[in-house]
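**Student:** Based on what follows, work out the 3D shape:
(2 chains)
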Amino acid sequence: DAGVIQSPRHEVTEMGQEVTLRCKPISGHNSLFWYRQTMMRGLELLIYFNNNVPIDDSGMPEDRFSAKMPNASFSTLKIQPSEPRDSAVYFCASTKRAGSTDTQYFGPGTRLTVL
Amino acid sequence: DQQVKQNSPSLSVQEGRISILNCDYTNSMFDYFLWYKKYPAEGPTFLISISSIKDKNEDGRFTVFLNKSAKHLSLHIVPSQPGDSAVYFCAASPTNSGGSNYKLTFGKGTLLTVNP
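**Tutor:** Residues are numbered from 1 along each chain as shown, chains lettered A, B, ... in the order given. Okay, the predicted model is just below:
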């Protein structure tokens, strides 16, 4: 079974540009998460979808960040406009359901560098 | 304000010996705790978990201990193997009103190096 797939694996862009990160969750999983990892803040939850609906976006840092899940097999995280402080590794994770003990399976991450 | 703290950024042990990784938390609402392992250029992978109703959970070479009164948990790896060399993240979550533990708060990780 394929795991969580993220693209691109690396992205380098210039300040002010729009960046779109993509995620394909594990087939059959109903919940999807976007995380960001930085040296300063560690790994932090940005947004959580259940059955394609955003349930908790309290971790989204500001309006420049937006996430969508148009169907059960695809999600995007968009940053517009990007800033150097957005440089981080962005992980997508999925789980069958956000139940009490369901394991979150992480993708390999997208390393974003904003110059 | 860090709610989950891993105070040791790194730990080095000899192959065959015990590795003990520590984690402290401050939020008394946390009742479910996990350890994830991460290799370079990969995402974190789940290792072991423990609910607050227990004080110990064991899975093969890995054992997690929970001390609720001290708000402290630890991961023991016995015996340690070179393939265990990775970054280990402690994570914690509360159970929400719907019975879900989705909201994980992670520590910053401890880099474990197991020397042959």
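
**Student:** per-residue confidence for the residue in chain A that chain B sits nearest to?
**Tutor:** As assessed by Cβ to the nearest Cβ, chain B sits closest to A:Phe106 within chain A, at 3.1 Å. Backbone N, C-alpha and C define where each C-beta goes, glycine included. At A:Phe106, the model reports a pLDDT of 96.

**Student:** Next, count neighbours for the closest residue to it other than its chain neighbours.
**Tutor:** Among residues not flanking A:Phe106 along the chain, B:Gly43 sits closest, at 3.1 Å (Cβ to Cβ, 6 or more residues apart in numbering or on different chains). A count of neighbours around B:Gly43, defined by other Cβ atoms under 10 Å in any protein chain shown, yields 22.

**Student:** element containing B:Gly43?
**Tutor:** Per DSSP states H and E, B:Gly43 falls between elements, in no helix or strand.

**Student:** Going along the chain, name the strands of chain B.
**Tutor:** For chain B, the strands defined by DSSP state E cover B:4-5, B:10-14, B:19-25, B:30-38, B:45-51, B:56-59, B:62-67, B:72-77, B:86-94, B:105-106, B:110-115.

**Student:** One more: chain A?
**Tutor:** Using DSSP E, the strands of chain A run over residues A:5-7, A:10-13, A:19-24, A:31-38, A:42-50, A:53-56, A:65-71, A:74-79, A:88-95, A:105-106, A:110-114.

**Student:** CSV for the strands of chain B, including distance to chain A?
**Tutor:** Compiled in CSV, the strands of chain B are given as follows (distance: least, Cβ to the nearest Cβ, whole Å):
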stretch, distance to chain A
strand B:4-5, 8
strand B:10-14, 14
strand B:19-25, 12
strand B:30-38, 7
strand B:45-51, 5
strand B:56-59, 11
strand B:62-67, 14
strand B:72-77, 16
strand B:86-94, 7
strand B:105-106, 4
strand B:110-115, 12
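
**Student:** Quick one: closest of those to A:Pro54.
**Tutor:** Relative to A:Pro54, the nearest member of those by Cβ to Cβ is strand B:86-94, separated by 18.5 Å.

**Student:** and that closest one, what other elements does it pack with?
**Tutor:** Secondary-structure packing of strand B:86-94 (3 or more Cβ pairs under 8 Å, 6 or more residues apart in numbering or on different chains; DSSP states H and E): strand B:4-5, strand B:19-25, strand B:30-38, strand B:72-77, strand B:105-106, strand B:110-115.

**Student:** rerun at 6 Å
**Tutor:** Counting by 3 or more Cβ pairs under 6 Å, 6 or more residues apart in numbering or on different chains; DSSP states H and E, the packing neighbours recorded for strand B:86-94 are strand B:19-25, strand B:30-38, strand B:105-106, strand B:110-115.

**Student:** List the residues that contact the residue nearest to A:Phe106.
**Tutor:** Residues near B:Gly43 by Cβ atoms under 6 Å, 6 or more residues apart in numbering or on different chains: A:Phe91, A:Phe106, A:Gly107, A:Pro108, A:Gly109.

**Student:** Also B:Glu42?
**Tutor:** Contact analysis of B:Glu42 by Cβ under 6 Å, 6+ apart lists A:Pro108.
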